[in-house]
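**Student:** fold the following and give me the result.
(2 chains)
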Amino acid sequence: MGLMRAMDVAASSLSAQRTRLEIASANIANSETTRTEEGGPYRPREVFFVAGSLGENRPGDATRRAVQGIREVRVEIAERPPILRFQPGHPDSDDLGYVAYPDVNKIAETVNLIEASRSYEASVSVVKAIRSMLQSAVNLLR
Amino acid sequence: MMIRGVDLPGLAQAAPATGTAAPRSGGDFGSVLKEAVSEIEKVQGQADSSVQKFAAGEDVDLHNVMLDIQKAELSFRLMLEVRNKLIEAYREVMRMQV
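**Tutor:** This next block holds a predicted model:
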């Protein structure tokens, strides 16, 4: 059904925003983490969305191809050098007494957080609109 | 006075597919109904499985569970309304005076 496809697109946006929220939360939580399993300080992650049509594609269906959702959410490590703070005596300090801290911009992450939750709300409104459209279409039969 | 049909070539172009749309193969009423019901069953099965996954604590998004339930509800209501319409038409026919 046509509107169900719109619902799938909205669902892909909801999932993508949830991932974005998770990553922002992880970045904020680890903004002062100096030790990780792979060694060195925590490396902040960035989220990228990749658009694409969802589900199966029939060749002649132009509308289906035009309706694109978020097909893939990519999480990549941001290539930002760590911030060095002079803290001699810290267990993770180097020979010169510097400790490497992850370069997490808490303000930017908070903005990310707000934006993700607002985008989530927007997609929820889309779902509500689709639902009420479908319901009124069904009610036409009454 | 001579009354003639209005010749509108534009209209014929606008709706060229009217006569050519082939009826769906095997499109008798019973099979169409069966197809529709199986489609609804599929949607409901999906809703069931995602609810089960969610209840079992698997890694499923809550909103996907909700959307699956919503889809199942909407397609069920569509089926219900079509069924009501059919029954109504049947009753109407039965009430006819012979």
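
**Student:** after the least confident helix or strand in chain A by mean pLDDT, next one along is what?
**Tutor:** Sorted by mean pLDDT, DSSP states H and E, the helices and strands of chain A end with helix A:62-66, the least confident at a mean of 74. Downstream of helix A:62-66, the next assigned helix or strand under DSSP states H and E is strand A:68-77.

**Student:** each with direction, which strands does that following strand pair with?
**Tutor:** With DSSP bridges as the test, strand A:68-77 is paired with strand A:45-53 (antiparallel).

**Student:** and the partner strand, how far from the chain's centre?
**Tutor:** Here strand A:45-53 is found 8 Å from its chain centre; the criterion is CA atoms, centre = their mean, to the nearest Å.

**Student:** please apply the same query to stretch B:60-74.
**Tutor:** Worked out by CA atoms, centre = their mean, stretch B:60-74 lies 20 Å from the chain centre.

**Student:** check stretch A:95-113 too.
**Tutor:** 19 Å.

**Student:** also stretch A:19-32?
**Tutor:** 10 Å.

**Student:** run a quick neighbour tally on residue B:69.
**Tutor:** Counted with other CB atoms under 10 Å in any protein chain shown, the neighbours of residue B:69 add up to 17. C-beta coordinates here come from the backbone N, C-alpha and C atoms, glycine included.

**Student:** state the distance from it to chain A.
**Tutor:** 11 Å (CB to the nearest CB, to the nearest Å).

**Student:** and the residue nearest to residue A:51 when sequence neighbours are not counted, how many neighbours does it have?
**Tutor:** Closest residue to residue A:51 apart from its sequence neighbours, by CB to CB, 6 or more residues apart in numbering or on different chains: residue A:68 at 4.7 Å. Neighbour count of residue A:68, defined by other CB under 10 Å: 14.

**Student:** residue A:68 contacts residue A:9, doesn't it?
**Tutor:** Yes: assessed by CB atoms under 8 Å, residue A:68 is found in contact with residue A:9 at 7.4 Å.

**Student:** overlap of the contact sets of these two?
**Tutor:** Between them, residue A:68 and residue A:9 share these contacting residues under CB atoms under 8 Å, 6 or more residues apart in numbering or on different chains: residue A:54.

**Student:** how many neighbours does residue A:87 have?
**Tutor:** 14.

**Student:** need the contact list for residue B:65.
**Tutor:** Residue B:65 neighbours (CB under 8 Å, 6+ apart): B:50, B:51, B:53, B:54.
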